[in-house]
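Chemist: How does the following fold in three dimensions:
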Amino acid sequence: MSRVWLPLMAALAIAACSTDETDGGTGGGGGATGTSPETPTELKVNVNEIIFNGTTLQVNIDSLDSTPQLVNYERMPSLDTGGYIAFKIQEDALDRLFIALAKESDDGAVRAVTAADGGQFNRYFAGGVYERTGDFLRPTIGTGPGAGQVSYAGSYAAVTNVNVARGGATDVAIATTETGVLVPGQPSRVSGDIFFNVNFLDESINGAIYNRVLIDQSLSLANIVLVRADIAADGTFLGGAEYDDAANTVVGVYGGIFGGVSANSVAGLVNLNEFNDAWENEREHGVFVLTQCGTNNTLPICDAVAPFP
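Modeler: Numbers count the residues shown, from 1 in each chain. Below you'll find the predicted structure:
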């Protein structure tokens, strides 16, 4: 396998609570007016602030990406992944190379960004933010067996601390002849599909990430189960991620936020402290922005779920 780099922070403990809504208008992410709940530290990790307006991206991450602290990232269409648009920054051939993947929902209600560098000098930096414009508009809950039960589906993307082999088609680092210990890594990306079942009467969510591929290595990865989590009054959630195995092996956390009319959209992040049980020290920082199955989302998987009452 390609080299992996150790995270700046130790593996994060699983948290089963949702965040509280805070004032300030940036939600830890910027790019929107009004109040948006803060992205929890388990998902922000090394990110201090991100401003994403659907087309441009500014990031403040610890550490060593560029100056000033909130820096403009360059659009990188060749690294777009499953509908998530890519950005990068690298000051020169021997500076860290950061890749970010971002998306805004079709209704403009929610957005999320994940970013990571490929590692250098035995450490890497990564994290992300999610954000909502407007309030949490809970769906009207009808009557009958399916009251309040809806589904969300779409694509998933991630960056990892597994670095891309130099000289490949997606290598965006400046060529260098310096000794290998100085050369920064480029983060490999993950693509996949993600699905949630949500019950707004029970205030709960669960789902899975599947069809996962480590793109730059052409390697299939295990399915990830996103176990049941509570939905807070502000429309946020935070829960545990596990392998789809008999031992229910815990591998990280996921969380997000609902937005739009009748919670039409959901955006969030995934932080995995393991994603291949044959490796050591691998990390994955994922992002999802999805639409509720129904009129606005007619993906084939949505044919298998009941419409909202």
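Chemist: Which stretches in this structure count as helices?
Modeler: Applying DSSP state H to the chain gives helices spanning 41-44.
Chemist: Next, work out how far apart Pro300 and Ile50 are.
Modeler: Distance, Pro300 to Ile50, by C-beta to C-beta, to the nearest Å: 32 Å. All C-beta atoms are positioned from the backbone trio N, CA, C, and that covers glycine.
Chemist: Kindly report the same for Glu274.
Modeler: Plainly put, Glu274 is 25 Å away from Ile50 if you go by C-beta to C-beta.
Chemist: cool, Phe121 as well?
Modeler: With distances taken as C-beta to C-beta, Phe121 is found 24 Å from Ile50.
Chemist: beta partners for Tyr84?
Modeler: According to DSSP bridges, the partner residues bridging Tyr84 are Thr81.
Chemist: who touches it in this structure?
Modeler: When the contact criterion is C-beta atoms under 8 Å, 6 or more residues apart in numbering, the partners of Tyr84 are 101-103, 155, 157, 287, 289.
Chemist: if we take the residues you listed, which one ends up nearest to Gly239?
Modeler: Among those, Val287 lies closest to Gly239 (C-beta to C-beta), at 16.3 Å.
Chemist: hang on, isn't that closest one packed against Tyr156?
Modeler: Yes: because the distance of 7.5 Å satisfies C-beta atoms under 8 Å, Val287 is recorded as touching Tyr156.
Chemist: Touching both of those two, which residues are there?
Modeler: Common neighbours of Val287 and Tyr156, using C-beta under 8 Å, 6+ apart, are Val270.
Chemist: the more surrounded of those two?
Modeler: Taking neighbours as other C-beta atoms under 10 Å, Val287 and Tyr156 compare with Val287 leading, 31 against 25.
Chemist: Distance check, that one against Ala246.
Modeler: Distance from Val287 to Ala246, counting by C-beta to C-beta: 29 Å.
Chemist: Over to Val183?
Modeler: 41 Å.
Chemist: ok, now which ones touch the closest residue to Ala126 other than its chain neighbours?
Modeler: Computed as C-beta to C-beta, 6 or more residues apart in numbering, the closest residue to Ala126 that is not its neighbour in sequence is Ala116, at 3.5 Å. The neighbourhood of Ala116, defined by C-beta under 8 Å, 6+ apart, consists of 98-99, 124-127, 159-161, 187, 285.
Chemist: cool, Ile205 as well?
Modeler: Contacts here follow C-beta under 8 Å, 6+ apart; on that basis Ile205 touches 196-199, 226, 228-229, 231, 237, 239.
Chemist: Wait, Ala86 touches Asp80, no?
Modeler: Yes: with contact defined as C-beta under 8 Å, Ala86 and Asp80 form a contacting pair (5.1 Å).
Chemist: Give me the pLDDT for Gln149.
Modeler: Gln149 is assigned a pLDDT of 85 by the prediction.
Chemist: List the beta-bridge partners for it.
Modeler: Going by DSSP bridges, Gln149 forms beta bridges with Asn199.
Chemist: Would you format the contacts of Ile205 as a markdown table with pLDDT, distance to Trp279 and neighbour count included?
Modeler: Listed next are these as a markdown table, based on pLDDT from 0 to 100; distance: C-beta to C-beta, whole Å; neighbours: other C-beta atoms under 10 Å:
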| residue | pLDDT | distance to Trp279 | neighbour count |
| --- | --- | --- | --- |
| Phe196 | 98 | 27 | 23 |
| Asn197 | 95 | 30 | 16 |
| Val198 | 95 | 32 | 22 |
| Asn199 | 92 | 36 | 17 |
| Leu226 | 98 | 21 | 26 |
| Arg228 | 97 | 28 | 16 |
| Ala229 | 98 | 27 | 24 |
| Ile231 | 97 | 33 | 23 |
| Phe237 | 98 | 29 | 27 |
| Gly239 | 97 | 24 | 23 |
